[in-house]
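[1] only geometry, no sequence info:
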C-alpha cells in the first residue's frame, strides 16, 4: 500500500503522476484511490509474501506535504461470512 499527500490543491496532479507510474512487474491487481486532504492511495496485489515486489517511487518533492507512506500486508483470505467484522449488539460497550 502506497499513500501520499499532495500540497493543497495539487491532488489532481499527484493522482495523474501516480497513475502514470509503471512497475517493473505487473501486479495481480492495482487500484488507485483519492481521499480528502489531496491524498492518493495505490494498492497492489502480488503472489507470494510480498518480498522483492516493485514499489512506486517517491513523487517529485514539490508535490508532497510529507514523505510517502508505504505498508505491506499479507492476505489472510476473504471472509465468507457477511458482516463478520461488524460489531453486534452484544459487542457494544456498556
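    Received, thanks. It should be emphasised that the depicted structure is a prediction, and the values quoted were computed from it without experimental measurement.
[2] how about the strands in the chain?
    For the chain, strands defined by DSSP state E occupy the ranges 2-5, 29-35, 39-45, 69-70.
[3] Which strands and helices lie in contact with the third one?
    Using 3 or more C-beta pairs under 8 Å, 6 or more residues apart in numbering; DSSP states H and E as the contact criterion, the elements in contact with strand 39-45 are strand 2-5, helix 11-20, strand 29-35. For the C-beta atoms, the positions are set from N, CA and C on the backbone; glycine is no exception.
[4] can you count the residues close to residue 24?
    7 (other C-beta atoms under 10 Å).
[5] Next one: it relative to residue 59, how far apart?
    18 Å (C-beta to C-beta, to the nearest Å).
[6] And residue 36, by the same measure?
    Counting by C-beta to C-beta - residue 36 and residue 59 are separated by 19 Å.
[7] Give the residue from the two that has the larger number of neighbours.
    Higher neighbour count among residue 36 and residue 59: residue 59, with 18 against 6, using other C-beta under 10 Å.
[8] show me what contacts the residue lying closest to that one once chain neighbours are set aside?
    Nearest non-adjacent residue to residue 59, counting by C-beta to C-beta, 6 or more residues apart in numbering: residue 17, 5.2 Å away. Residue 17 sits next to 59, 60, 63 when contact means C-beta atoms under 8 Å, 6 or more residues apart in numbering.
[9] Next up, the contacts around the second one.
    Counting by C-beta under 8 Å, 6+ apart, residue 60 makes contact with residue 17.
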